[in-house]
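J.: Turn this into a model:
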Amino acid sequence: MVNFGGLTSEYTSVDRATFWVLPVPYDLTSTYQPGSRWGPTALLEASANLELYDEALKRETYLWGVHTLPPLEADARGPVEMIGKVRTALLPILERNKFPVIIGGEHSITVGVVQAMKAKYPALTVVQLDAHADLRDTYQESPFSHATVARRITEMCPLVQVGIRSLSMEEVSFIGKNNIKTFFADFIHEKSSWIEEICHDISGDVYLTIDLDVFDPSIMPATGTPEPDGLTWRQVVGFIDELSRKATIRGFDVMELCPIPGMIAPDFLAAKLTYRLMGYTIRSMELNHEKNE
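T.: Have a look, this model is predicted:
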């Protein structure tokens with residue numbers, strides 16, 4: 001497995017690294033187009049071709065150190081066991097006060113990540129960028145699925161959803177009855193001040209979970225469940241830019257990359273997004289430190 005960014009040992013040591021990247025090649029509950037188990041490998045291979053100077057943030061983020069862990073082996077017994085395995089894998093990362101970066105893999109595993117993050121940060125808020133609401137109580141008779149991940153998160157902590165444009169009537173009803181902060185793609189496309197309005201009430205500790213199908217399939221076709229009318233690169237990074245100023249990002253994941261053979265652009269987008277998020281995270285922590293001084 002390639003180190004994220006193709007970094008040499010000088011920048012990947014356990015002690016030096018701020019970021020610990022955990023690949024989770026798992027897609028057992030995928031129901032449309034499987035293949036996200038190959039997403040972590042494709043993302044890491046693409047990351048080796050990144051320019052490590054971030055032109056937007058004007059910094060070399062890799063200097064903070066990035067340690068890439070071995071891929072977490074899939075547990076074939078089922079999603080409950082896999083979620084538990086992910087939660088357990090997060091514990092040593094958080095115990096060392098390292099910053100977790102999870103690359104998947106399907107979205108169901110985010111439940112295990114949030115379980116671990118919530119234990120460390122009790123006032124945690126989860127911000128979900130996604131095409132799908134993922135708020136079903138069960139899907140295909142399972143409460144633990146890529147289609148139920150957000151529902152399970154709402155049972156642990158507050159949830160803010162961004163970019164949603166596909167959901168069932170059950171989910172519409174749940175959003176209305178539980179006052180879930182769900183911001184639909186139509187709102188984003190039609191409202192010039194959408195970033196400020198969404199971020200206005202977000203503060204404190206945040207975990208950011210990104211399903212790559214939040215992007216429009218014209219730039220991100222390599223997902224298991226693509227949806228038209230998605231967000232652009234500038235919309236996504238513009239939102240995260242503002243989020244990093246309002247809240248302290250404590251961890252993030254980039255999920256559901258389903259590589260298409262011979263098409264490397266989506267893999268590279270996912271890798272550059274991951275690197276850009278690391279940079280925003282550093283700034284988020286710096287700003288939070290300044291506020292507390």
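
J.: Same question for Val21, what's its three-state structure.
T.: strand (DSSP: H, G, I helix; E, B strand; the rest coil).

J.: what's the answer for Pro92, then?
T.: Going by three-state DSSP: Pro92 is helix.

J.: Could you give the number of residues near it?
T.: 11 (other Cβ atoms under 10 Å). Heads up, the C-betas are built off the backbone N, CA and C, glycines and all.

J.: just Thr225 next, same as before
T.: Thr225 has 21 nearby residues by other Cβ under 10 Å.

J.: One more: Pro158?
T.: 17.

J.: what about the helix or strand where Ala46 lies, distance to the chain center?
T.: Here Ala46 sits within helix 39-47, counting by DSSP states H and E. Here helix 39-47 shows a centroid-to-chain-centroid distance of 15 Å under the convention Cα atoms, centre = their mean, to the nearest Å.

J.: residue ranges with poor pLDDT in the stretch 151-293 of the chain?
T.: 289-293 (pLDDT under 70).

J.: hmm, back to that, could I have the CA atoms of the helix holding Ala46 written out in PDB?
T.: What follows is helix 39-47, C-alpha atoms only, in PDB (Å, rounded to 0.1, in the frame of the first residue of the first chain):
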ATOM      1  CA  GLY A  39     -11.400   3.000  -3.500                       C
ATOM      2  CA  PRO A  40      -8.700   3.300  -0.800                       C
ATOM      3  CA  THR A  41      -6.100   1.900  -3.100                       C
ATOM      4  CA  ALA A  42      -7.100   4.100  -6.000                       C
ATOM      5  CA  LEU A  43      -7.100   7.200  -3.800                       C
ATOM      6  CA  LEU A  44      -3.700   6.500  -2.300                       C
ATOM      7  CA  GLU A  45      -2.100   5.700  -5.700                       C
ATOM      8  CA  ALA A  46      -3.500   9.000  -7.100                       C
ATOM      9  CA  SER A  47      -2.200  10.900  -4.000                       C
END
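
J.: does Asn288 count as helix, strand or coil?
T.: Judged by three-state DSSP, the three-state class of Asn288 is helix.

J.: what pLDDT, on average, does the helix holding Ala46 get?
T.: Helix 39-47 shows an average pLDDT of 96 in the prediction.

J.: neighbouring contacts of it?
T.: Outside helix 39-47, the residues that touch it by Cβ atoms under 8 Å, 6 or more residues apart in numbering are 1-6, 21, 23-25, 68, 71, 103-105, 254-259, 264, 267-268, 270-271, 274-275.

J.: Same check on stretch 57-70?
T.: Stretch 57-70 is contacted from outside by 1-5, 7, 11-14, 16-23, 44, 52-54, 89, 98, 275-276, 278-280, 282-283, using Cβ under 8 Å, 6+ apart.

J.: tell me how far the ends of it are from each other?
T.: The separation between the terminal residues of stretch 57-70, taken as Cα to Cα, to the nearest Å, is 29 Å.

J.: Just the buried residues of that stretch, please?
T.: Leu57, Thr61, Tyr62, Trp64, Gly65, Val66, His67, Thr68, Leu69 (16 or more other Cβ atoms under 10 Å).

J.: Next: stretch 136-143.
T.: Arg136, Tyr139.

J.: buried residues in stretch 185-205?
T.: Quick answer for stretch 185-205 (16+ other Cβ under 10 Å): Ala185, Ile188, Trp194, Ile195, Ile198, Cys199, Ile202, Asp205.

J.: Local confidence estimate at the residue nearest to the last one when sequence neighbours are not counted?
T.: Using Cβ to Cβ, 6 or more residues apart in numbering and skipping the chain neighbours, the partner closest in space to Asp205 is Tyr121 (4.1 Å). At Tyr121, the model reports a pLDDT of 97.

J.: try Glu141
T.: 67.

J.: Check the one 4 residues further on too.
T.: With respect to pLDDT, Ser145 has a value of 72.

J.: Tell me if I'm right that it and Pro79 touch.
T.: Yes - the criterion here is Cβ atoms under 8 Å, and Ser145 meets it with Pro79 at 6.7 Å.
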